[in-house]
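A.B. asks: when you get a sec, could you give me coordinates for this:
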Amino acid sequence: AKQAELDRLENERIERERLSLEEAERLEKERLAAEAEEARLKAERLKEERRLEAQRLEQECIEQERIFAEQAAEAERLEQERISAEEAAGAARLEEERIVTEAAEIAD
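C.D. replies: This next block holds a predicted model:
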């Protein structure tokens with residue numbers, strides 16, 4: 001009877017250890033699943049952050065191209081203005097020379 005009691009206690013101890021190991025294994029699987037989900041969510045977040053950054057940079061590039069086009073148009077307008085001013089100055093010089101020549105002819 002004493003041996004039977006010892007065997008029963010040993011079997012109970014073995015069963016407790018088996019249950020404890022199963023519980024530890026279950027908890028480890030849950031922990032690993034939670035880590036995997038956390039890593040998946042982090043990857044999704046980083047992917048979204050990169051997408052938003054790429055979108056921001058694309059908008060910045062478009063804005064820079066717009067500014068560059070405006071500056072190029074302004075430079076072209078100023079160049080045309082300069083050419084017109086030079087042409088007007090040349091015409092004024094010719095007109096001045098014509099007037100001076102006429103005045104000299106009248107004076108003679």
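
A.B. asks: give me the mean pLDDT for stretch 59-73.
C.D. replies: Per-residue pLDDT over stretch 59-73 has a mean of 98.

A.B. asks: ugh, typo on my part, it should be stretch 85-92
C.D. replies: The pLDDT scores in stretch 85-92 average 94.

A.B. asks: with just CA atoms, put that stretch into PDB.
C.D. replies: Taking C-alpha atoms only, stretch 85-92 is exported to PDB below (Å, rounded to 0.1, in the frame of the first residue of the first chain):
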ATOM      1  CA  ALA A  85      15.100  98.500 -73.800                       C
ATOM      2  CA  GLU A  86      18.300  98.100 -75.800                       C
ATOM      3  CA  GLU A  87      16.300  98.400 -79.000                       C
ATOM      4  CA  ALA A  88      14.500 101.500 -77.700                       C
ATOM      5  CA  ALA A  89      17.900 103.000 -76.700                       C
ATOM      6  CA  GLY A  90      19.300 102.300 -80.100                       C
ATOM      7  CA  ALA A  91      16.200 103.900 -81.700                       C
ATOM      8  CA  ALA A  92      16.500 106.900 -79.400                       C
END
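
A.B. asks: all the helices of this protein, residue numbers only.
C.D. replies: 2-107 (DSSP state H).

A.B. asks: flag the shaky bits of it, pLDDT-wise.
C.D. replies: Judged by pLDDT under 70, the chain has no weakly predicted residues.

A.B. asks: nearest residue to the middle of it?
C.D. replies: Nearest residue to the geometric centre of the chain (Cα atoms, centre = their mean): residue 53, 2.5 Å.

A.B. asks: quick check: it vs residue 96, distance?
C.D. replies: Counting by Cβ to Cβ, to the nearest Å, the gap from residue 53 to residue 96 is 63 Å. To be clear about C-beta, it is placed using only N, CA and C from the backbone, and glycine gets the same treatment.

A.B. asks: and what of residue 105?
C.D. replies: To residue 96, residue 105 is 15 Å away according to Cβ to Cβ.

A.B. asks: and residue 24, by the same measure?
C.D. replies: Look at residue 24 and residue 96: by Cβ to Cβ, they are 105 Å apart.

A.B. asks: over to residue 43?
C.D. replies: For residue 43, the distance to residue 96 equals 78 Å [Cβ to Cβ].
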